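Undergrad: Test case, fold it:
(2 chains)
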Amino acid sequence: MSTGGVDSRRVVFSWVMLAPFMVLFLVFVVYPLIQSAFLAANQTFGPGTRTFVGTKNFELLISDPVFWKAIRNTFIYALGSLFVQLPIAFLLSLALNSPKLRGRGIYRLIFFSPQLMGLVFVSILGALAFEKRAGLINQALDAAGINDLLVWITGNDAWLEPDWLQQHVMATLILISLWLYVGFNMIYFLAALQSVDKSLLEAAEIDGAGPWGKLRHVIFPSVKPVATFVILLSMIGSLQLFELPYILLESSGGPDNKGLTIVMYLYQNGFDLGDLGFASAIGWVLALILIGLALVQVKLTRAQEVNA
Amino acid sequence: MSAGQRKINKWILHAILVLLAIVTLVPYVWLIIASLKGQDDFFSAIFLPPGDGAFGIGWDKLSLDNYRALFDLGFEVNLINSVFYSATTALFATLICAATGFVLAKHQFRGRNLITLVVLGALIVPPTLLLAPGYELLYDLNLLDTSWGLLLPLVAPAFGVFLFRQAVIQSVPDELLEAARIDGCSEWSVFFIVVLPLVRPMIGAFMLITFLGMWNNFISPQIVLQTADKQPLSVAIAQLRGVYKTDYGLLTAATVVSVLPVAALFLFLQKQFISGLTSGAVKG
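TA: Residues are numbered from 1 along each chain as shown, chains lettered A, B, ... in the order given. Sure, this is the predicted structure:
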């Protein structure tokens, strides 16, 4: 039916519609992506001052103990997300999944609410709440007598007024992110639990399966696809942690770089010291770690599909 | 399981949930009260300061002084900046991504598959990798410390194209497009009158997500903008903390001011946000 005129007009339309995206995408994603490869082989002192150094950036990187510290801290945080935050989120979603539970809408909204504040503002709140003297946490611990208990257990007077931001940075980061992300991940798990087949659950119950049996044989298998997706998202986010420690530690890595993460290390080198080349090298290492993780996830998902 | 035991279990569950809810809510209460307190009262009480008022609380010690001090410092400029940056990004990102997603889903032309593949491939590029070369690019284009430099790289997110492409494939039938064309609709009216209304849930969710994303974006304005008057709340509040580190009243007031607008927006549009959040993860 269509004539050549209509077809070519439609093609022109297609390209007009695509143009804004394509231009911005080519200029601000594709071009910088290509440049980042060149930059990684250069040293710079601020933008527009490249000196070719070959693979020296990567050699410097792996011989820098600060880099390894950043890697270590970042992975501690990621493991905290994986083994503390996600299990709590999953348990909460199980608890809130029953339609018979009273007030589940309210609970859901409450647990999700910290997400509304956004990472930066939560970081400010966290920094104030974990302040040594005036902060909510220490005052509450003190009022509840937990500080005295900790001193008694550890025999260390420092627990009278623990300096969270200076001495227990990673623990503080994990605690704050618990508050921020548990409800967020809970929403994903709740959505996944919708896909659990009710008749399968009933069948399992008739077969005499207890709560654990139902969890293992019915619920786990059906939430697995979403769970692997949530784990991947959580890992990708955790490994790019920046704002929280950056604000908590006032743009430093903290004492002895206790709270330095990979992206903070990138930021310090690229934007405090002006070496965009070295920063790009760090960016590539991080990108390879993330892509590696994504590939593992794809592989695991494939393996599941084959088994299923 | 006996009925009695079930009842006990239910109470235990509620006790745990209530406890967790309290733990979640207490920081807000602390934050709001702290923003009303004077500097000395931070050390005399966790929450409300003691005094001669009702319930033994010094109500007269609470005031809006911290907020006044905050706006005396010109914090409203940053608030306006945040609204402007977030609204602009949400509007343009939605238009651009919807147009691109629609064309990639429903139009036949040479290069379509290649473009789709590249856009999907771009989803795995971590944004942190583009920080350094992106900064250099903005320097070359003379766009550092300008709104253009902040917004242009953010109004064409690949994941938005992906979301709208999915939404169009799922909820826009080919027959409807053909029917509209036969009725004499131009391609433009097909897009604006037929397609956009059909993907309205995605438009709402995506606008909200982009708005919040920009509101909470820290690293882009931190890198691109230098002038204090151009900063959004996220960067301004971090700088405020750098200067007034122990002025807890001022900082908590700044946090309240920064968070209230989005909290209100969210409560208003809650449903769309949650559905948008999970739309990428769960089919059906």
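Undergrad: quick one, phi psi at residue A:151?
TA: Per-residue torsions, residue A:151: phi -60, psi -40 (degrees, to the nearest 10).
Undergrad: Spatially nearest residue to it, not counting backbone neighbours?
TA: residue A:159 (4.8 Å; Cβ to Cβ, 6 or more residues apart in numbering or on different chains). In this view, the C-beta of every residue, glycine as well, is placed from N, C-alpha and C.
Undergrad: Can you give me the distance of that neighbour to residue A:140?
TA: Residue A:159 sits 14 Å away from residue A:140, going by Cβ to Cβ, to the nearest Å.
Undergrad: ok, now residue A:66?
TA: Taken as Cβ to Cβ, the span from residue A:66 to residue A:140 is 35 Å.
Undergrad: contacting residues around the closest residue to residue B:135 other than its chain neighbours?
TA: Excluding its sequence neighbours, the residue lying closest to residue B:135 (Cβ to Cβ, 6+ apart) is residue B:223, at 5.8 Å. Residue B:223 is in contact with A:271, B:131, B:135, counting by Cβ atoms under 8 Å, 6 or more residues apart in numbering or on different chains.
Undergrad: now swap in residue A:261 and tell me
TA: With contact taken as Cβ under 8 Å, 6+ apart, residue A:261 is in contact with A:70, A:73, A:74, A:77, A:241, A:242, A:245.
Undergrad: Restricted to strands, list those.
TA: Per DSSP state E, strands hold no members of the contacts of residue A:261.
Undergrad: Farthest pair within those?
TA: Largest separation among these by Cβ to Cβ: A:73 and A:242, giving 12.0 Å.
Undergrad: the more surrounded of those two?
TA: residue A:73 (25 against 21; other Cβ atoms under 10 Å in any protein chain shown).
Undergrad: now that one: how far from residue A:195?
TA: From residue A:73 across to residue A:195, the span is 36 Å (Cβ to Cβ).
Undergrad: Point out where the stretch 101-250 of chain B drops to low pLDDT.
TA: Scanning the stretch 101-250 of chain B for pLDDT under 70 picks out nothing.
Undergrad: Show me the helices in it, by range?
TA: B:112-122, B:131-140, B:147-151, B:158-171, B:174-182, B:187-189, B:196-198, B:200-215, B:219-224, B:233-243, B:248-279 (DSSP state H, counting those that start in this stretch).
Undergrad: Just put these in JSON lines and tack on distance to residue B:72.
TA: JSON lines is the format used below for the helices of the stretch 101-250 of chain B (distance: least, Cβ to Cβ, whole Å):
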{"stretch": "helix B:112-122", "distance to residue B:72": "45"}
{"stretch": "helix B:131-140", "distance to residue B:72": "33"}
{"stretch": "helix B:147-151", "distance to residue B:72": "25"}
{"stretch": "helix B:158-171", "distance to residue B:72": "39"}
{"stretch": "helix B:174-182", "distance to residue B:72": "57"}
{"stretch": "helix B:187-189", "distance to residue B:72": "50"}
{"stretch": "helix B:196-198", "distance to residue B:72": "44"}
{"stretch": "helix B:200-215", "distance to residue B:72": "24"}
{"stretch": "helix B:219-224", "distance to residue B:72": "23"}
{"stretch": "helix B:233-243", "distance to residue B:72": "13"}
{"stretch": "helix B:248-279", "distance to residue B:72": "10"}
